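Colleague: generate a structure from the sequence data that follows.
(2 chains)
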Amino acid sequence: MHFRRYWAGMLCVTLAGALALGALAGCAKKAAPAAPPAPSKAEVATYVNNSEIIVFWDPSESGSNEIIALNNIYETLLYYNSGTGECDPVLATSFQVSPDGKTWTFDIRKGVKFHCGHAMDANAVKYSIERTKNGGKGASWLWDPVEAISVLDPYKVEFKLKFSSPLDVALAAGYGAHIMCPVCTEAKGHDYLLQGHAFGTGPYMIESWKQAEQELVLTRFPDYWRGWQGKHFDKVVFKTVPEAATRRQILEAGQADFTEMLPYEMVKAMEGNPKIHIEVTPSYQNMLGLINTQKGALKDKRVRQAICYAVPYSDIIQHVMYGYAEQSKGVIPHGLWGHDENLFQYSLDLDKARALLKEAGYGNGGLNLVMTYVAGDENERRAGELVKAKLAELGINLEVRGMPWEAQWDLAKAPKPEDRQDIFVFYWWPDNANPQSYLSRVFMWQEPIHFNLSYYKNPAFDALVQEGIEWAGADRARTIECYRKAQEMIIEDAAAIFFFDQSYVRPMRASFKGFKDNPAYPNVVFFYNTYREGE
Amino acid sequence: MQRFITRRLALTLLVLWGTATIAFVLARVVPSDPAARWVGPRATLEQVEQARKELGLDQPLYVQYYRYMRGLLRGDWGVSIRTHQPVIQDMLGHLPASLELVLASMILALLVGIPLGVASAIKKDRAVDHLGRVLSIGAVSLPPFWLAMILQLVFFKWLGLLPLGRRLETAVRLAHPLREITGLYSLDALVTGNWPVLWDSLLHLALPAVTLASYTIGVVTRMTRSSLLEVLNEDYIRAARSYGLPERVVVLRYALKNAIAPTVTVLALCLAYSLVGTFVIEAVFAWPGLGYYMAQSVIAVDYTAIIGCTVLVAAAYALLNLGVDIVHALLDPRISLG
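Modeller: Okay, here's the model as predicted:
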């Protein structure tokens, strides 16, 4: 009896499966015509990402990939124009700054509504920035210089700073500076936001969010203050597809408009495809090899300089980066204010390296060094292998060790300097269009160690950077001069190998128009500016 | 039977406790700083320290262990360091995708593997057997990521018949909203009569299910063949044949029934393994299942998610093995559960 029931059940399951799969196999060819009606292709833009679309839904905590979507849902007072280096008005129409750079007054745009229907005003600005500052999460440190925010009238807000700081750039940041509806955010609360809700003023609002599938659909906000004249997408879809080969196929098949993080070999292979456009833009991201200035032979700056002269910069740029990079000059990358074209640049010169080693007492080499990088990052690994080959010619043995980021960082923070790595390879990019962090967070002395993984300790350098920071709002020229001198010090002291400033390489459909890459907003597509043409 | 099940369930709890403990210790001894991961790579020192306090990571390990186990018993599996969502919610969000994929692949494996195994056994050393051998060894040997990419190339790029990945087209989802009951899209669509979604979900299921089924088909075919061959040489089969019973009845009714037990065991193990062992397939097809979730958690050293998934898989293994034992007893009266 039991057996009969068992086999009867099995038969049913098998038949059901057979029917379903038979239908699938037999009718697969009809798949395309039988597909249900869908919104017109011309109206939906699709962005395919390699990892999570959203980690932090709360804009006050944002600090990860979500800036890609959130910058289409929320807006900031200003927008950093990477072409002019100025901040363009968005939710603020204009601003005034006092001569000492400590008082900033903003005129707030009238007639702007949040997605919930409430009006945006000076109170919302005060609430949003204070909420982020007081929350202490994400990019809340942006507001460290802010002492007080006052609402002067419904459309005028004043920021008092503790010291002069480029507040315009902070207010244009891709995260930590979004303006949200105070009424709804307070009423619904933080946990409500985490479920995939937002109260912004941006051109698109949330239509659906599938957490497990990492699929976010945005739709037009009908009352958007710029209006909907001209060509715009109706909906924007964000999806996660972790496998690069799959992302490439989706893009080539026209099922995505934009993707990123494809290996350069793949990008090169797509260059001949007339339906694909590759946009290359210099970024603010550079690759550094921080040299341990407190360990063994590396305490001698001549040894560090010798290493910098043994790096095949051109080979790395041509053969590792496929030309999508430029050798760094100092630590502040090309295109960002504070960058100085006249700074000294190391080049491959093994004779000079040998002479420096000999002078330092290591004429025969005999050094064993460890270079760590994030396992899985092929660019870092390949660059490391090229450096290893050149150092071998100097009698220096370099171990190129891939480690998970956490383990790499933990080793770098080991209590004793001699237990740490010799060279720490990683990327740096700013959280907003301010060069300060390249110097203050990577090279200023800190205890305990956080990101100063050269363990560089130079009070004169620290004083210069601090002076630059404190004048950035009132006298940018003075700040730039301070940063120039500070960069000269770390170049002379060879505190790091300044490998290259990377370019952003964005493969997209040729019919996807209006996109302008802005390195101040990494990976962000401002979809309001984009449209489809010719497909 | 009831006593047996109760005893096995108690043992299962012990196994789960042991698994959770080992996973907790292993996940915490690997070099990582969950607090730093929680606040992101660019956080300040103060933010990292604040997070350490919030997450209770400033407490001794035994206190953290006690708190974690207490939470586990109360259904609070902690919050994922990577996604910032409750682990249980994350896993429940990913589980239906895995179940749908695994069940579809199991149905395929049964449909293809058992008939092929039976045919190979009764036509031993003939063309069908050779073909079955080549197919099953090939299916077991092919790396799943390679097979997945070849299938994508053929059915998506060249023929344009099937989608490349994910569970549903966004356009279909938007045009025909699905009322989710189980989270298994094809089943939910069938139950609610949402035919466009049913069709689209089956299309999306086809390639990953075939890829995942390939290994199981190979194993099931070989297992069915070998155990059936063994049974076919038994005296009672000879006796049945000498009574003049038709060969079809001898094979399907008398031999296969006794030969199927090892295949059921293998199927159950494949089912449990597939729940998280499919991360390569899920990555290639962007299929948001548990395997993908666990792989991402491991990469991020997301210890709460790693422990959660490990406990879930251990539970799946233990319960499926219990189920197999019960099925064995039902299939073979000589086996008693006591």
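Colleague: kindly report the residues of the stretch 151-300 of chain A close to chain B.
Modeller: Residues of the stretch 151-300 of chain A found near chain B, taking Cβ under 8 Å from any Cβ of the partner chain as the criterion, are A:194, A:207-208, A:211-215, A:217, A:235, A:237, A:239-243, A:245-246, A:249-250, A:253, A:255. (C-beta placed from N, C-alpha, C; glycine too.)
Colleague: what residues does B:Leu271 make contact with?
Modeller: For B:Leu271, the contacting residues are B:102, B:106, B:316, B:320, by Cβ atoms under 8 Å, 6 or more residues apart in numbering or on different chains.
Colleague: which positions within the strand or helix carrying it qualify as buried?
Modeller: Using DSSP states H and E, B:Leu271 sits in helix B:261-277. By neighbour count on 16 or more other Cβ atoms under 10 Å in any protein chain shown, the buried set for helix B:261-277 is B:261, B:263-277.
Colleague: narrow the residues of the stretch 151-300 of chain A next to chain B to just the buried residues.
Modeller: A:194, A:211-215, A:217, A:235, A:237, A:239-243, A:245-246, A:249-250, A:255.
Colleague: let's see which of these end up in helices.
Modeller: Among these, DSSP state H puts A:194, A:245-246, A:249-250 in helices.
Colleague: what's opposite A:Trp209 in the beta bridge?
Modeller: A:Leu216 (DSSP bridges).
Colleague: with chain B as the reference, measure out to it.
Modeller: 11 Å (Cβ to the nearest Cβ, to the nearest Å).
Colleague: I figured that residue hits A:Ala198, correct?
Modeller: No. At 9.7 Å, A:Trp209 does not count as touching A:Ala198 under the criterion of Cβ atoms under 8 Å.
Colleague: so those two - more neighbours on which side?
Modeller: A:Ala198 (26 against 20; other Cβ atoms under 10 Å in any protein chain shown).
Colleague: give me the pLDDT for that one.
Modeller: Per-residue confidence at A:Ala198 stands at 96 (pLDDT).
Colleague: which residues does it contact?
Modeller: A:57, A:59, A:70, A:73-74, A:115, A:180, A:205-206.
Colleague: nearest to chain B, of the residues you listed?
Modeller: Of all these, chain B sits closest to A:Trp57, with 8.7 Å by Cβ to the nearest Cβ.
Colleague: what about the closest one, how many neighbours?
Modeller: 25.
Colleague: OK, contacts around the closest residue to A:Val55 other than its chain neighbours?
Modeller: Distances taken as Cβ to Cβ, 6 or more residues apart in numbering or on different chains place A:Ser64 nearest to A:Val55, at 4.2 Å, with adjacent residues excluded. A:Ser64 is in contact with A:52, A:55-56, B:40, counting by Cβ under 8 Å, 6+ apart.
Colleague: distance between the helix-or-strand element of chain B with minimal mean pLDDT and the chain's centre?
Modeller: When each helix and strand of chain B is scored by mean pLDDT, DSSP states H and E, helix B:261-277 comes last, with a mean of 79. Centroid separation between helix B:261-277 and its chain, computed with Cα atoms, centre = their mean, to the nearest Å, is 8 Å.
Colleague: following element in sequence after it, please.
Modeller: Past helix B:261-277, the next helix or strand by DSSP H and E is helix B:279-284.
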